[in-house]
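>>> Model the following, please.
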Amino acid sequence: MSWDEDAPPPAELYPEIPHPARMYDYYLGGKDNFPADREAAEKVLALGPMVRLSARANRAFLQRAVRQLAGLGVRRFIDIGTGIPTAGNTHEVAQQVHPDAQVAYLDNDPIVLVHSRALLSSRAPGSTSVVQADLREPAAILADPTVRQLLSAGEPVALLLFAVLHFIDEADDPYRIVRTLVDALPPGSYLALSHGTGDFIPAPETSRGPAIYRTATAQLTLRTKARVTRFFDGLDLLAPGVVTAPLWHPEQPPSDTDAQVGIWAGVARKG
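Got it, this is the predicted structure:
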């Protein structure tokens, strides 16, 4: 599903304002974006080839992490900040392993919700759900009936926060948000997350990407490896720990650039 560029887009999508989900779609080669998104995305891409490599590495990490978690027996997934659906979504990967896997997608963006609901409209009810929610409001997320149902059985749940926490600035206390959500997970559950970093960008350049995102609907806060690792406090990190996204259980020999992809990634278990 993509928007007809010859027809005016719905006003609630704010097509004149760049949106991170649509910019990310453009990085991945998708078509669900508007001129303002492409203009902003091209400015980010001009910073260097690692931008697009990082986006694709993040997507591949999502798929590997979900596959491994499903292989560990997880059948319930809460995916927050899902982005615009593309091939290899969480439910597709999880349900290849467990056809009865239950997945809840949560996002606060109208375009993501429209695309997700269209994608899932033909699926059996109850196996995959789409919920409008904002990561900045963890209490409201935990009060949602769909989320409560996934948590209520006491079975392990995978909380997925892929490339979303870098859109939560320090004023909103992202560590409190993650801690609140993790505290509600049953024992034996997992947290999987990825996060943008400026660790491999020369110091004079680290502000250029966030400056571009200041024209978009969400701000970008790059964090160091130490600050990303802090999200896993109190949990048991699975090997190989917090690494750049391509180096988390790679399915092919690492390339020379994998260690400098600007996405930290990790998965941890709640005891």
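>>> what stretches of the stretch 101-250 of the chain score poorly on pLDDT?
118-126, 203-218 (pLDDT under 70).
>>> how about 50 then?
Counting by pLDDT under 50, the stretch 101-250 of the chain contains low-confidence ranges at 122, 124-126.
>>> all strands for it, in order.
Under the criterion DSSP state E, counting those that start in this stretch, strands of the stretch 101-250 of the chain are mapped to 102-107, 128-132, 157-162, 190-196, 236-237, 243-244.
>>> pull the longest helix from this protein.
The helix of greatest length in the chain, counted in residues with DSSP state H as the criterion, is given as helix 50-71.
>>> Please point out which parts of it sit buried.
Taking 16 or more other Cβ atoms under 10 Å as the basis for neighbour counts, the residues of helix 50-71 that come out buried are 50-70. For the C-beta atoms, the positions are set from N, CA and C on the backbone; glycine is no exception.
>>> what pLDDT, on average, does that helix get?
For helix 50-71, mean pLDDT is 91.
>>> Check which element follows that helix along the chain.
Proceeding C-terminally, helix 50-71 gives way to strand 76-80 as the next helix or strand, assigned by DSSP states H and E.
>>> ok now that following strand, how far from the chain's centre?
Centre-to-centre, strand 76-80 and its host chain are 10 Å apart (Cα atoms, centre = their mean, to the nearest Å).
>>> After it, heading C-terminal, what element do we hit next?
Strand 76-80 is succeeded, C-terminally, by helix 90-97 (DSSP H and E).
>>> rewinding a little: just list what the longest helix of the chain packs against, helices and strands only.
Counting contacts by 3 or more Cβ pairs under 8 Å, 6 or more residues apart in numbering; DSSP states H and E, the secondary-structure elements packed against helix 50-71 are helix 20-27, helix 35-45, helix 90-97, strand 157-162, strand 190-196, strand 263-269.
>>> 10 Å instead, please
Based on contacts counted as 3 or more Cβ pairs under 10 Å, 6 or more residues apart in numbering; DSSP states H and E, the elements that helix 50-71 packs against are helix 20-27, helix 35-45, strand 76-80, helix 90-97, strand 157-162, strand 190-196, strand 243-244, strand 263-269.
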